[in-house]
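Peer 1: requesting a structural model of the entry that follows:
(2 chains)
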Amino acid sequence: EAQVTQNPRYLITVTGKKLTVTCSQNMNHEYMSWYRQDPGLGLRQIYYSMNVEVTDKGDVPEGYKVSRKEKRNFPLILESPSPNQTSLYFCASSPPGRGTNNEQFFGPGTRLTVL
Amino acid sequence: GNSVTQMEGPVTLSEEAFLTINCTYTATGYPSLFWYVQYPGEGLQLLLKATKADDKGSNKGFEATYRKETTSFHLEKGSVQVSDSAVYFCALSSNTGFQKLVFGTGTRLLVSP
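Peer 2: Coordinates of the predicted model:
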């Protein structure tokens, strides 16, 4: 089954404790992206990757890091989480080509709480 | 920059009622427009899309028409069901080749029997 998977689905942590949220897709997509969803703000892009070893900042990158060592994986790293990073996080992927028509496929989400 | 504005929710309807969720956008050039749906506890799924002016996207009884003159992409359904209860997001993607989606804030739809 074609899908985007994220782990963990739920995480409660404390301020300053480094964490990684994994994202993996099995559709051989080149483009991957991370979003955060907050009430009243919709989804905002954190980072994206056009291909292996090619990453760039989205609209709200502060406090996050990413890497793209393999095509299928795109982990989101919080080196020193803070309470304002409490949010619902989504990973997404889409196939190559000029992207205006391309559907993005979303993972199930990771709900992160930073105390 | 590009932006999307959606009507505030929640929208509360009885089963079989007519649904409209308004969406307007601001963008340079000719963006593609999307409606995504998020069911409780799940990720977003593409509901429908339109890639040029006057295109109509449709799926599962939902429709939206790309209106360039009014910069709108309103979502409609003639008869909603309880199973349509979800959060609906309007989004656009620019024509620059970069696959970034810009989302509206989402509209929660609650359908009662």
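
Peer 1: going forward, measure contacts between C-alpha atoms and count neighbours the same way
Peer 2: Fine.

Peer 1: before we move on, which element is the residue nearest the centre of chain A in?
Peer 2: Centroid check for chain A by C-alpha atoms, centre = their mean gives A:Trp34 as the closest residue, at 2.7 Å. If you go by DSSP states H and E, A:Trp34 is part of strand A:31-38.

Peer 1: what do you get for A:Gln6?
Peer 2: Take DSSP H and E as the rule and A:Gln6 turns out to sit in strand A:4-7.

Peer 1: quick one: contacts for B:Pro40?
Peer 2: Listed by C-alpha atoms under 8 Å, 6 or more residues apart in numbering or on different chains, the contact set of B:Pro40 reads B:Ala86.

Peer 1: phi first, then psi, for it.
Peer 2: Dihedral pair for B:Pro40: phi -50, psi 130, per degrees, to the nearest 10.

Peer 1: please name every helix or strand in contact with the strand holding A:Trp34.
Peer 2: Packing partners of strand A:31-38 (3 or more C-alpha pairs under 8 Å, 6 or more residues apart in numbering or on different chains; DSSP states H and E): strand A:42-51, strand A:87-94.

Peer 1: separation between the nearest residue to A:Val66 once chain neighbours are set aside and A:Tyr48?
Peer 2: Ranked by C-alpha to C-alpha, 6 or more residues apart in numbering or on different chains and with sequence neighbours excluded, the top spatial neighbour of A:Val66 is A:Leu76, at 4.9 Å. Distance from A:Leu76 to A:Tyr48, counting by C-alpha to C-alpha, to the nearest Å: 10 Å.

Peer 1: what does A:Cys91 give?
Peer 2: With C-alpha to C-alpha as the criterion, A:Cys91 and A:Tyr48 are 10 Å apart.

Peer 1: which residue does chain B have closest to chain A?
Peer 2: Of all residues in chain B, the one sitting closest to chain A is B:Thr105 (3.7 Å; C-alpha to the nearest C-alpha).

Peer 1: quick revisit: next, the contact list for the residue nearest to A:Val66, please.
Peer 2: A:Leu76 makes contact with A:Thr20, A:Val21, A:Thr22, A:Cys23, A:Trp34, A:Tyr64, A:Lys65, A:Val66, A:Ser67 under the criterion C-alpha under 8 Å, 6+ apart.

Peer 1: A:Glu70 touches A:Ser49, doesn't it?
Peer 2: No. Counting by C-alpha atoms under 8 Å, A:Glu70 stays clear of A:Ser49, with 11.1 Å between them.

Peer 1: partners of the lowest-mean-pLDDT helix or strand in chain B in the sheet?
Peer 2: Lowest by mean pLDDT, DSSP states H and E among the helices and strands of chain B is strand B:101-103, with a mean of 89. Sheet pairing of strand B:101-103 (DSSP bridges) gives strand B:86-93 (antiparallel).
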